[in-house]
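Q: Okay, predicted coordinates and the sequence, questions at the end:
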Amino acid sequence: ELIIEEHFFLFARKAWKEIAAKTGVSMKTLQAVQDEVSQLEPRPGLHFSYDEEHVYIEPDVTITVVQDHITFELNQRAFPDVEMNEGYFAMIQDQKRHEAYTYLKEKEQQYNWLVQALRQRKQTMTHVVREIISHQTDFFLTGKHKMKPLTMKRIAEILQVHESTVSRTVKGKMVQTPYGLMEMKQFFQAKLEGHSLEETSSYTVKTHIAELIQTENKKKPYSDQQIMTLLQQTFGIRVSRRTIAKYREQMNLPSSTLRKRYD
């Protein structure tokens, strides 16, 4: 109660040495307090609210790997087929002089346009997924750390379509992969700036950073400088300390000071 009531903001940003100097409380005790506080509910009213309905994300594309063979399947519910009642086609032929003919003919044109648009959308998605698999084969076969640089512009050039077409195709689309559900846009990664290896993407570096932090000794967590050194020594990846900090913040990973444990 003393720590929360009188030193909450220092405690929240883990300025524990300052709290220890003011209160005489040991770092080990402060760690125990944090473990206790982390189990509490900051919004106790939520316990009295109605549970929200579970929302499940259904992938638009499923990519599977069986014995080093990569296959994919489009979710048919994401690319539905539409049909026009056959009876209306007969009415168009039989009632050319009827006032409804113009209306029916207009709807037939709209139907044909919609069928063509859906077919084109499905074909474009198929082509984009094939190119993603072609460029990111190592990712699917080897692991998440093998994501290569890839741009929508490059795919657009290969498919001979406008870059905006590729952008619209992948926007909001989800892909089920051997590593879990991913946004399709995650397969498009920029080349790591200033890095000598052409096949290294920012996604790859983020994956390595996350793995290093996950397996570190929490009593002696890696600093951004140490992560920079480990990336170079272990994976041959040269990036600046500032880049490490930027990527870590983008992944919502706290600094070494906030990750450190004192027990």
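A: Structure received.
Q: Mind giving me the packing neighbours of the longest helix along the chain?
A: Longest helix of the chain, by residue count under DSSP state H: helix 100-135. Here helix 100-135 touches strand 61-66, strand 69-74, helix 86-94, helix 152-159, helix 163-170, going by 3 or more C-beta pairs under 8 Å, 6 or more residues apart in numbering; DSSP states H and E. Any C-beta I mention is one placed from the backbone N, CA and C, and that applies to glycine too.
Q: switch the cut-off to 10 Å
A: strand 61-66, strand 69-74, helix 86-94, helix 137-141, helix 152-159, helix 163-170 (3 or more C-beta pairs under 10 Å, 6 or more residues apart in numbering; DSSP states H and E).
Q: Next, the angle helix 152-159 makes with that helix.
A: Taking axes from the mean of the first three to the mean of the last three C-alpha atoms, to 10 degrees, one finds helix 100-135 and helix 152-159 inclined to each other by 110 degrees.
Q: Can you tell me the SS state at the closest residue in space to residue 216 that isn't next to it in sequence?
A: Leaving aside its sequence neighbours, residue 216 sits nearest to residue 222 (C-beta to C-beta, 6 or more residues apart in numbering; 5.1 Å). Using DSSP: H, G, I helix; E, B strand; the rest coil, the structure places residue 222 in coil.
Q: For residue 222, give its distance to residue 255.
A: 10 Å (C-beta to C-beta, to the nearest Å).
Q: more neighbours, these two?
A: The residue with more neighbours, out of residue 222 and residue 255, is residue 222; 19 against 14, by other C-beta atoms under 10 Å.
Q: wait, isn't that one in contact with residue 213?
A: Yes: with contact defined as C-beta atoms under 10 Å, residue 222 reaches residue 213; the gap is 6.8 Å.
Q: Please identify every residue contacting each of those two.
A: 256, 259 (C-beta atoms under 10 Å, 6 or more residues apart in numbering).
Q: before we move on, the earlier item: looking at the helices and strands packed on helix 100-135, which has the lowest confidence?
A: When mean pLDDT is averaged over each of the helices and strands packed on helix 100-135, helix 86-94 scores lowest at a mean of 72.
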